[in-house]
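Peer 1: Sequence and predicted structure are below.
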Amino acid sequence: MKKFIKWIASGWMLILFFVGFFLFWEYSIPLFDIPRYILPSPSEIVLKGSADLDKLVYYTGVTALETVLGYIIALILGVGFGIAISFSSILRRTLYPFFVSIEMTPKIAFAPLFISWFGFGLMPKVIIVVLVCFFPIVLNAILAFNSLSNELTLFYQSTGASRLKTFFSIRLPAALPQCFVGFKYAAINATVGATIAEFIGSDKGLGFYISIVTGNMRPDLAFAGIFFLTVLGLTIFGFVTMMEKILIPWHISMKRINR
Amino acid sequence: MKNFIEVTELKKVFGNGEDEVHAFGPATININSGEFVSVLGPSGCGKSTLMLMVAGLLDSTSGKVEFENKVVNGPKTDIGIMFQDNTLVPWRTVRGNIELQLELRGLNLKDYQEKINNILKSVNLDDFADRFPNELSGGMQQRAAFCQAMIHDPKIILLDEPLGKLDAMTREKIRADFQKLWMVKKPTVIFVTHSIEEAVQLSNRVILITPRPGKIDREIKIDLPYPRDLQIKRSAKFTEYVNSIQEVFHKYGVI
């Protein structure tokens, strides 16, 4: 309770801003005589959206599955390749520059190709999410595992500890903060990848829903879809942030004090 | 009998061809067991390079290092090491950081708990055992790092400007703490510094290194009784040592 009051006390400006924003939106529609097929009011979005709730919830599940599956695969591959590249000079001279150059390519441009290769099912969407998430994760992981201070390196060498022991006692925990920079960036992009993949070719999911209702001149339903996408995105990002707090609480507190 | 540590014609050159940088040497140094030796020189003279080569943490270009007649050709593990930037990890408490030294060496933590308490007490950190490094001041962090470097009773302690980033008052205090611990445990210490006063106060012997490429200019034995407290620092003999060293570096245009 006390925490809640504190939260309200520190966040009241933000809450006020949101309330003001939606009030402005609601009342500027009749005020400026904006047609409903251009921009519906928030109340209409809620009303029409809730009539379509079953579909929205089901499609959110579909998109969530693609996003989460792709994200987890990207996480495993990204960290795996990141560690491999950090510890192998051969990979650092071959795979690393290759990854850096591919990072410049807008990955989403591959989406139509994947749809044409793998069809309308789950797999091409997952692949596109993996593609979008993999690069920020792997590049940050490489940076993370290569940035151990010279002093700590000399310190563990002077103890004669095995590489495995050093990895789990020093290298891995030291790398986690920078890894999470990549995890969070990828979490933001994951839903983008899934949505665009669904725009291009699918028969279910929130991206599919938004493109269909927009085609039917129903911006109210499109906004309802966007709302669910936002909730999905926030949930995934919130989960990753929570994991960061659980796994590296020392890092969070360090930031707070340095501020 | 041979000396505890023998450094023979040790030399380090970084890079090769046109990028070659002659960093240190050649230099020959002998150090006795239990001796506190300072390596004193201007910044960039290669004194840290020397220390790392002695510890086997850096390969030499030529020459050799021997400990008790055994040639060093890889990292030495019976050492404790401390740098200007400490080796405390932010995810462990002060106690956890000291335990890290023991864990990495595969030692049993239970056997050491009392020792950890004692060493923390000796540097006035006993109330901060469960704090994280970022909750401590710079001076306290260096004291914790000192405990981390000492907890396994290494025969050799290597200190690379451990007080370099601290303010004058804190330095004074920690010097006294170091001296106290050294007098009890008598490890062999190689102390790299660019503070003349610090070198004279702490050491049995000061090795003066020339500007790069660092060579030994001379060695000065400091013949003053321990513990060297404020009174000794005010003595004429202490000042004489400091002045004579200052003159040497003045000659090189360093000061």
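Peer 2: All right, it came through fine.
Peer 1: ok, A:Ile210 - contacts?
Peer 2: A:Ile210 is in contact with A:195, A:199, A:222, A:225-226, A:229, counting by CB atoms under 8 Å, 6 or more residues apart in numbering or on different chains. All C-beta spots, glycine's among them, are computed from the backbone N, C-alpha and C.
Peer 1: I should have written B:Asp160 there, sorry.
Peer 2: Listed by CB under 8 Å, 6+ apart, the contact partners of B:Asp160 are B:48, B:51, B:81-84, B:192.
Peer 1: And it, its phi and psi?
Peer 2: The phi/psi pair for B:Asp160 (degrees, to the nearest 10) reads phi -110, psi 90.
Peer 1: Local confidence estimate at it?
Peer 2: Here the pLDDT value assigned to B:Asp160 is 93.
Peer 1: How about the one 4 residues further on?
Peer 2: B:Gly164 carries a pLDDT value of 85.
Peer 1: show me the contacts for it.
Peer 2: B:Gly164 touches B:84, B:193, counting by CB under 8 Å, 6+ apart.
Peer 1: helix/strand/coil for it?
Peer 2: Using DSSP: H, G, I helix; E, B strand; the rest coil, the secondary structure recorded for B:Gly164 is coil.
Peer 1: That one and chain A: what is the separation?
Peer 2: 12 Å (CB to the nearest CB, to the nearest Å).
Peer 1: check which helix or strand covers the closest residue to B:Asp59 other than its chain neighbours.
Peer 2: Leaving aside its sequence neighbours, B:Asp59 sits nearest to B:Met53 (CB to CB, 6 or more residues apart in numbering or on different chains; 7.6 Å). For B:Met53, the host element (DSSP states H and E) is helix B:47-54.
Peer 1: where does B:Val7 land in three-state SS?
Peer 2: With three-state DSSP as the criterion, B:Val7 reads strand.
Peer 1: I'd like to know which of the contacts of B:Asp160 are part of strands.
Peer 2: Here DSSP state E is the test, and these give B:81-82, B:192 as lying in strands.
Peer 1: Please go through chain B and pick out the longest helix.
Peer 2: helix B:168-185 (DSSP state H).
Peer 1: can you list the weak-confidence ranges in the chain?
Peer 2: The chain I'm using is chain A. By pLDDT under 70, the low-scoring segments of chain A are A:252-259.
Peer 1: nope, chain B
Peer 2: For chain B, applying pLDDT under 70 flags the ranges B:1-2.
Peer 1: near chain A, which residues of it show up?
Peer 2: Proximity of chain B to chain A (CB under 8 Å from any CB of the partner chain) is limited to residues B:52, B:55, B:57, B:75-77, B:79-81, B:83, B:85-87, B:89-91, B:100-101, B:103-106, B:132, B:134-135.
Peer 1: Now, the residues you listed that are in strands?
Peer 2: Counting by DSSP E, the residues of chain B next to chain A contribute B:79-81 to strands.
Peer 1: so which residue of the stretch 101-250 of chain B comes closest to chain A?
Peer 2: Closest residue of the stretch 101-250 of chain B to chain A, CB to the nearest CB: B:Leu104 (3.9 Å).
Peer 1: Kindly reformat the ones in strands among the contacts of B:Asp160 as JSON lines containing neighbour count and distance to A:Phe18.
Peer 2: As requested, these are exported to JSON lines (neighbours: other CB atoms under 10 Å in any protein chain shown; distance: CB to CB, whole Å):
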{"residue": "B:Ile81", "neighbour count": "28", "distance to A:Phe18": "54"}
{"residue": "B:Met82", "neighbour count": "24", "distance to A:Phe18": "52"}
{"residue": "B:Val192", "neighbour count": "26", "distance to A:Phe18": "58"}
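Peer 1: Contacts only, for B:Met140.
Peer 2: B:125, B:128.
Peer 1: Can you tell me the element it falls in?
Peer 2: Here B:Met140 is assigned to helix B:138-150, by DSSP H and E.
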